[in-house]
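Visitor: Pasting the sequence and the predicted coordinates here, then a few questions.
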There are 2 protein chains.
Amino acid sequence: MSEDEVLLQQLFEEEKLTDKQKKIIIAAIESFSEKGYAATSTNEIAKKAGVAEGTIFRHYKTKKELLVSIVAPLMTKLIGPFIVNDFHKVLDRPYENVEDFLRAAIKNRSDIIKKMLPVIKIVIQEIPFQPELREQFIEQVARKTFERILQVIKDYQDKGQLIEMPTLSVARLAISSIFGFLISRYILFPDSEWDDELETERTVQFIMHGLAVKD
Amino acid sequence: MSEDEVLLQQLFEEEKLTDKQKKIIIAAIESFSEKGYAATSTNEIAKKAGVAEGTIFRHYKTKKELLVSIVAPLMTKLIGPFIVNDFHKVLDRPYENVEDFLRAAIKNRSDIIKKMLPVIKIVIQEIPFQPELREQFIEQVARKTFERILQVIKDYQDKGQLIEMPTLSVARLAISSIFGFLISRYILFPDSEWDDELETERTVQFIMHGLAVKD
DNA sequence: AATGAAAGTGAGTAATCACTCATTTTTATT
DNA sequence: AATAAAAATGAGTGATTACTCACTTTCATT
């Protein structure tokens, strides 16, 4: 299964798509992520997909509907349930210690990003300008994820594994470190040589113990 | 002096600009940062500036030249020299300890962001799509800044204040934490209530000692 | 093989795009 | 006040935009 097919499979699962529709989606993802949504014309998408321009509008009323149809499943079908399941696992049979939880969190996010990078880039780029996407993201992804994270932090604080600090601040600091790693790894410097396991471990140890020399 | 005038002053210093040119720049910054460069029309900028569309093209050959004229000074005149001076100070008469250095770094970046937020947003949005901007950013800002940062880290490592870890990784972790704070503070949740001093201190302490409970 | 529905086509449309240029207005210098 | 240069104008340009629609092709069911 090609990379594009994996992406389609992940995004649209059992949804029935014609061959041409698949080509349109793949072409749109490529152009949107490379040039940005506003700078991509439907003409260009049609040509890249090897399809008549009218075909795009058979399937999607507007260009924006095409964008949303690509980006919405990323939020609802993938991140949503994933996070619920993932954190549920943590809460039901929690990882013994924070380190294991952090390692698992980083691993999982890495796997998602690897599969969905172009679509994730589109989301990041367009959320500031598309209120519809932003609202969907906040409601379906950010809010639920955040609640879970705060719970987990509280949990580890009660166990005495994390320092007492407002959970919101703890969350900000841990998330910054994890996303800092993932963004460096996959978006800023994807072509550098990365020892993923080593850098993951460094990130985990940093989150726990910082950079100061212990005396 | 109004907020817009501060911004103009910071960006263009002694450069001579007509009144209408100033209005064009202010309107362009506003539209570009709110809607994105590609989604902003020159007609719209002209109307917002209260100027004929032709006037824009008297001053700037193309729409892209207008973009670059706004964004380039941010890199050369502000960040460039600032970083050189700032880090020079650190290297010549270094801050006693890492904490003080981090506090100063966060403070300085905060001040810049406060003044230049709309233009910074434009840079962040457009760098992925404008090779010209990206190259300028990498050459003039990223490379020099990075060199300095690595030097500083090495320096504190030699003094025994930072753990031995490749400077690149140390840099990534520290920068993630600082930018994580600044992005949360000024871009993601600017309307939340922030105790800047407290959150700065938490960030500094996190970078140094992490989130684990000390035993 | 016949048939109706779904999918696909591509020429066409009005609107909008970045940009031009002949002309007018403002400004600076004397 | 005269004058030349600089700044500003706005109607006009061809190209491109997202989108439509009458028509053709493909497909599934019998």
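Guide: Looks like it came in fine.

Visitor: use CA for all of it now, contacts and neighbours both
Guide: Will do.

Visitor: Does the residue in chain A sticking out farthest from the centre belong to a helix, a strand or coil?
Guide: Computed with C-alpha atoms, centre = their mean, the residue of chain A farthest from its C-alpha average is A:Asp215, at 39.0 Å. A:Asp215 falls in the coil class when you classify it by DSSP: H, G, I helix; E, B strand; the rest coil.

Visitor: ok, now which ones touch it?
Guide: By C-alpha atoms under 8 Å, 6 or more residues apart in numbering or on different chains, A:Asp215 lies in contact with nothing.

Visitor: Contact residues of chain A facing chain B?
Guide: Contact residues (C-alpha under 8 Å from any C-alpha of the partner chain) of chain A with chain B: A:34-36, A:38-39, A:125, A:129, A:160-163, A:169-170, A:172-173, A:176-177, A:179-181, A:184, A:199, A:202-203, A:206-213.

Visitor: Out of these, which end up buried?
Guide: Buried subset of those (neighbour count, 16 or more other C-alpha atoms under 10 Å in any protein chain shown): A:34-36, A:38, A:125, A:161-163, A:170, A:173, A:176-177, A:179-181, A:202-203, A:206-212.

Visitor: is the helix or strand hosting A:Arg103 anywhere near DNA strand D?
Guide: Following DSSP states H and E, one finds A:Arg103 within helix A:98-126. No: between helix A:98-126 and DNA strand D, judged by C-alpha under 7 Å from any atom of the strand, nothing touches; the nearest distance is 14.6 Å.

Visitor: Next, the angle helix B:98-126 makes with that helix.
Guide: Interaxial angle of helix A:98-126 relative to helix B:98-126 (axes from the mean of the first three to the mean of the last three C-alpha atoms, to 10 degrees): 40 degrees.

Visitor: Please identify the buried residues of the helix or strand that comes right after helix A:98-126?
Guide: The first helix or strand that comes after helix A:98-126 along the chain, using DSSP H and E, is helix A:131-136. Residues A:133-134 are the ones in helix A:131-136 that count as buried (16+ other C-alpha under 10 Å).

Visitor: neighbouring contacts of helix A:131-136?
Guide: For helix A:131-136, the surrounding residues in contact (C-alpha under 8 Å, 6+ apart) are A:68, A:72, A:75, A:123, A:126-128.

Visitor: And the average pLDDT for it is what?
Guide: The pLDDT scores in helix A:131-136 average 94.

Visitor: next helix or strand past it?
Guide: Where DSSP H and E defines the elements, the next helix or strand beyond helix A:131-136 is helix A:143-158.

Visitor: mind checking how far that following helix is from the chain centre?
Guide: From the chain centre to the centre of helix A:143-158 is a distance of 19 Å (C-alpha atoms, centre = their mean, to the nearest Å).

Visitor: name the helices or strands packed onto that helix?
Guide: helix A:80-92, helix A:167-183 (3 or more C-alpha pairs under 8 Å, 6 or more residues apart in numbering or on different chains; DSSP states H and E).

Visitor: Can you give me the domain boundaries for chain A?
Guide: Per automatic domain parsing, the structural domains of chain A span A:3-59, A:70-209.

Visitor: Would you single out the least confident of the ones you listed?
Guide: domain A:70-209 (a mean of 90).
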